[in-house]
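Undergrad: Can you look at this prediction? I've put the sequence above it.
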Amino acid sequence: MKRLLFICTLMSLFFCSSCIERTIVVEQQLNEEASIYPDYKEVTIPANIAPLNISLINLNDAQLILEGESGESFQIASEKGFFDIPQAKWSKLLNKNKGKKIKLTVCKQVEGKWSALTPFYIFVAQEPIDKYIAYRLIPPDYELWNKMGIYQRNLETFEESTIYENTIGDYNCANCHSFQNGDPTHFLFHTRETHPGTLVFNNGHIEKLNTKTSETISFLVYPYWHPNGRFVVFSVNSTRQAFHANNLNRVEVYDSASDVVVYDTEKHQVMSCDLLKADSVFETFPSFSADGKTIYFCSAKAVNPMPYKYRDVHYDLCKIDFNAETGEFGTQVDTLYRAADLGKSVSLPRESPDGKYITFVLHEYGNFSIWHKDADLYTINLNTKEAYPFKEANSDNVESYHSWSRNSKWMVFSSRRDDGLYTRPYICYIDDEGNAHKAFMLPQHNPKKYYQDLMLSYNIPEFITNKVVVNKNSIEKMLKNEPGINISYKNSNQ
């Protein structure tokens with residue numbers, strides 16, 4: 001019995017040691033800023049986000065005081081320069097201060113006196129964030145995908161769980177996950193090489209599709225769901241990858257041909273029209289508008305030979321009407337943003353769920369912005385047609401894949417700003433004027449250790465409203481044992 005009590009006491013001390021709570025009295029103020037990782041100074045966050053734990057740079061013994069404008073406050077001590085903020089106290093503090101700001105003061109001892117460094121602030125928005133994000137974790141070199149997966153993270157805690165890991169698919173490639181309106185029960189992703197196919201999930205039912213037809217140039221590639229859940233718009237691409245020996249942009253992924261098609265999940269049929277499959281034009285990265293009446297896509301004049309003229313490829317942001325009742329396309333293509341006239345290129349258009357804005361990535365050339373150092377997030381106000389950069393969210397090193405929250409107030413996107421090599425997920429608040437606020441890195445329990453140790457990149461972060469629940473055995477059986485459904489093709493011009 002004594003031995004059991006001793007073990008329990010040791011366990012209690014262990015679990016409590018990561019969060020040392022004490023109260024100090026500040027005796028003097030220093031004109032000195034705290035150096036912290038990640039940089040959470042002056043960011044705007046939702047009240048339902050996990051604690052923004054931080055590490056101090058070059059300071060071990062310190063105290064953190066957190067104070068809300070509503071009067072709540074608490075203090076915690078660092079452990080080797082790391083502040084582990086208690087979840088319950090953090091949540092209470094944020095919920096009491098929605099629409100207000102929190103003051104954070106790092107204190108250190110100077111000649112035996114507790115001295116306060118210059119405080120910084122975190123602003124708490126009124127609007128919540130979607131509960132989960134989904135993403136791939138992959139090596140930065142796509143050729144080394146022997147171990148990869150699609151994962152999900154609860155944004156309110158630090159819980160990460162698996163949606164699909166390629167260990168059950170004989171180490172095949174998995175990519176291009178996409179959710180219908182952030183619905184965790186309605187999504188798809190592709191598997192390549194071993195056990196190839198597209199897996200479509202609908203309320204627990206799984207279908208495996210064979211998506212190459214004789215009329216299309218490839219299997220289905222980049223997807224985006226129609227808001228009604230029946231249709232998915234895809235590009236079909238003849239894609240290659242090249243590596244630079246001496247270039248700021250390490251990898252170039254380019255198309256020698258590409259078109260846009262719409263897949264009908266009820267008929268197992270892809271549809272297109274002559275305006276979306278011309279040989280003289282590259283079309284890629286399609287998406288639907290929030291009301292489902294428009295298809296946005298990136299369009300460039302075809303350049304040959306590729307890859308020798310890859311820098312001459314410049315994509316504009318274009319759109320075409322789509323009628324979900326008849327499955328018919330519009331009779332003309334309109335250009336929404338003429339990036340080519342500026343010597344620039346557009347990729348990844350995404351309209352906000354409220355229909356007010358369309359965001360895209362602007363970069364110097366080509367379509368694969370995830371390796372372009374100059375790539376930044378831009379948006380167009382669909383009422384005023386004004387185009388402008390998300391200045392406060394951008395950095396000097398690659399902003400790319402991005403996803404809107406369902407309330408159109410938050411955006412999650414990938415960025416290489418941390419070290420220039422690995423993509424990390426960042427989240428920013430979008431205010432009522434359509435401006436992005438300073439972005440913050442996805443919180444981790446110990447972010448400094450986590451991100452320094454993680455030798456994988458976050459790929460395609462996408463908001464989902466709740467946790468994805470899948471049956472691993474069902475997915476494995478579907479991949480390995482089912483031949484898959486062959487899809488048909490229809491040209492609406494014929």
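TA: On my side now, so go ahead.

Undergrad: what stretches of this protein score poorly on pLDDT?
TA: Within the chain, the segments meeting pLDDT under 70 span 1-21, 141-145, 242-250, 494.

Undergrad: and it, what are its domains?
TA: 20-124, 132-481 (automatic domain parsing).

Undergrad: any idea how far the last one is from the chain center?
TA: Computed by Cα atoms, centre = their mean, to the nearest Å, the separation of domain 132-481 from the middle of its chain amounts to 9 Å.

Undergrad: Equivalent analysis for the shortest one, please.
TA: Distance of domain 20-124 from its chain centroid, counting by Cα atoms, centre = their mean, is 27 Å.

Undergrad: show me where the stretch 1-150 of the chain has helices.
TA: 2-17, 87-96 (DSSP state H, counting those that start in this stretch).

Undergrad: Contacts only, for Thr359.
TA: Applying Cβ atoms under 8 Å, 6 or more residues apart in numbering to Thr359 gives the contacts 349-352, 377-380, 390, 402, 404, 411. All C-beta spots, glycine's among them, are computed from the backbone N, C-alpha and C.

Undergrad: got CSV for those, with distance to Thr239 too?
TA: Compiled in CSV, these are given as follows (distance: Cβ to Cβ, whole Å):
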residue, distance to Thr239
Pro349, 19
Arg350, 21
Glu351, 25
Ser352, 28
Leu377, 23
Tyr378, 24
Thr379, 27
Ile380, 27
Phe390, 27
His402, 21
Trp404, 26
Met411, 26
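
Undergrad: Go through those and name the one nearest Gln444.
TA: Each of the contacts of Thr359 was checked against Gln444 using Cβ to Cβ; the closest is Met411, at 19.4 Å.

Undergrad: Can you report how many residues lie near the closest one?
TA: Other residues within reach of Met411 by the criterion other Cβ atoms under 10 Å amount to 26.

Undergrad: Mind checking what secondary structure it has?
TA: The three-state label given to Met411 by DSSP: H, G, I helix; E, B strand; the rest coil is strand.

Undergrad: Now do the strands in the stretch 351-494 of the chain.
TA: With strands called from DSSP state E, counting those that start in this stretch, the stretch 351-494 of the chain shows them at 357-363, 376-381, 387-389, 399-404, 410-415, 424-429, 440-441, 457-464, 485-486, 488-491.

Undergrad: what's the closest of those to Gln180?
TA: It's strand 457-464; of the strands of the stretch 351-494 of the chain, that one is closest to Gln180 (Cβ to Cβ) at 10.1 Å.

Undergrad: could you list every residue that touches Glu42?
TA: In this structure, Glu42 makes contact with 120-123, 438, judged by Cβ under 8 Å, 6+ apart.

Undergrad: hmm, I was thinking of Gly327
TA: Taking Cβ under 8 Å, 6+ apart as the definition, contacts of Gly327 comprise 231, 262, 264, 271, 492.

Undergrad: repeat for Glu67
TA: By Cβ under 8 Å, 6+ apart, the neighbours of Glu67 are 73, 102-105.

Undergrad: beta partners for it?
TA: Beta bridges link Glu67 to Ser73, Lys103 when assigned by DSSP bridges.

Undergrad: can you tell me how far it sits from Gln126?
TA: In this structure, Glu67 and Gln126 are separated by 20 Å, where distance is defined by Cβ to Cβ, to the nearest Å.

Undergrad: ok, now Phe74?
TA: Where Gln126 is concerned, Phe74 sits at a distance of 23 Å (Cβ to Cβ).

Undergrad: go on, His226?
TA: Where Gln126 is concerned, His226 sits at a distance of 30 Å (Cβ to Cβ).

Undergrad: and what of Ser91?
TA: When Cβ to Cβ is the yardstick, Ser91 and Gln126 sit 16 Å from each other.

Undergrad: And Phe74 and Gln126? Which one has more around it.
TA: More neighbours sit around Phe74 than around the other of Phe74 and Gln126, counting by other Cβ under 10 Å; the figures are 17 against 10.

Undergrad: any idea how far that one lies from Ile24?
TA: Taking Cβ to Cβ as the measure, Phe74 falls 12 Å from Ile24.

Undergrad: Asp279 now?
TA: Applying Cβ to Cβ, one obtains 71 Å for the distance of Asp279 from Ile24.

Undergrad: More neighbours: the two, which one.
TA: Ile24 (13 against 9).

Undergrad: Who wins on neighbours among the contacts of Glu42?
TA: If you count neighbours using other Cβ under 10 Å, the busiest of the contacts of Glu42 is Ile122, which has 20 neighbours.

Undergrad: ok, the residue nearest to it when sequence neighbours are not counted to Thr294 distance?
TA: Distances taken as Cβ to Cβ, 6 or more residues apart in numbering place Ile102 nearest to Ile122, at 4.8 Å, with adjacent residues excluded. In this view, Ile102 and Thr294 are 40 Å apart by Cβ to Cβ.

Undergrad: related to what we said a few turns ago, and which of the contacts of Thr359 is nearest to Glu33?
TA: Closest to Glu33, out of all of the contacts of Thr359 and judged by Cβ to Cβ, is Phe390, at 25.7 Å.

Undergrad: which residues does that closest one contact?
TA: Under the criterion of Cβ under 8 Å, 6+ apart, the contact list for Phe390 reads 359, 376-379, 399, 411, 428, 435-436.

Undergrad: And Thr185, by the same measure?
TA: With contact taken as Cβ under 8 Å, 6+ apart, Thr185 is in contact with 201-204, 468.

Undergrad: Just read off the phi/psi values of it.
TA: Its backbone dihedrals place Thr185 at phi -100, psi 0, with angles given as degrees, to the nearest 10.

Undergrad: sorry, back to before: for the domains of the chain, give me TSV that also has distance to Ile487.
TA: Converted to TSV, the domains of the chain look like this (distance: least, Cβ to Cβ, whole Å):
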stretch	distance to Ile487
domain 20-124	40
domain 132-481	5
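
Undergrad: circling back: most neighbours, which of the contacts of Glu67?
TA: In terms of neighbours by other Cβ under 10 Å, the contacts of Glu67 top out with Ile102 at 24 neighbours.

Undergrad: Could you measure from that residue over to Leu442?
TA: Here Ile102 is placed at a distance of 19 Å from Leu442 (Cβ to Cβ).

Undergrad: next one: Glu69
TA: Counting by Cβ to Cβ, the gap between Glu69 and Leu442 amounts to 26 Å.

Undergrad: out of the two, which sits in the more crowded spot?
TA: Using other Cβ under 10 Å as the criterion, Glu69 and Leu442 rank with Leu442 on top: 22 against 14.

Undergrad: Quick check: that one touching Tyr426?
TA: Yes: with contact defined as Cβ atoms under 8 Å, Leu442 and Tyr426 form a contacting pair (7.1 Å).

Undergrad: what do those two both touch?
TA: Common contact partners of Leu442 and Tyr426 (Cβ under 8 Å, 6+ apart): Val412.

Undergrad: Touching the helix or strand encompassing Pro223 from outside, list them.
TA: Pro223 is part of strand 220-225 when elements are defined by DSSP states H and E. Surrounding strand 220-225, the residues in contact under the criterion Cβ under 8 Å, 6+ apart are 176, 178-181, 186, 188, 190, 198, 209, 211, 231-237, 239, 261, 263, 270, 284-288.

Undergrad: Perfect, that will be all.
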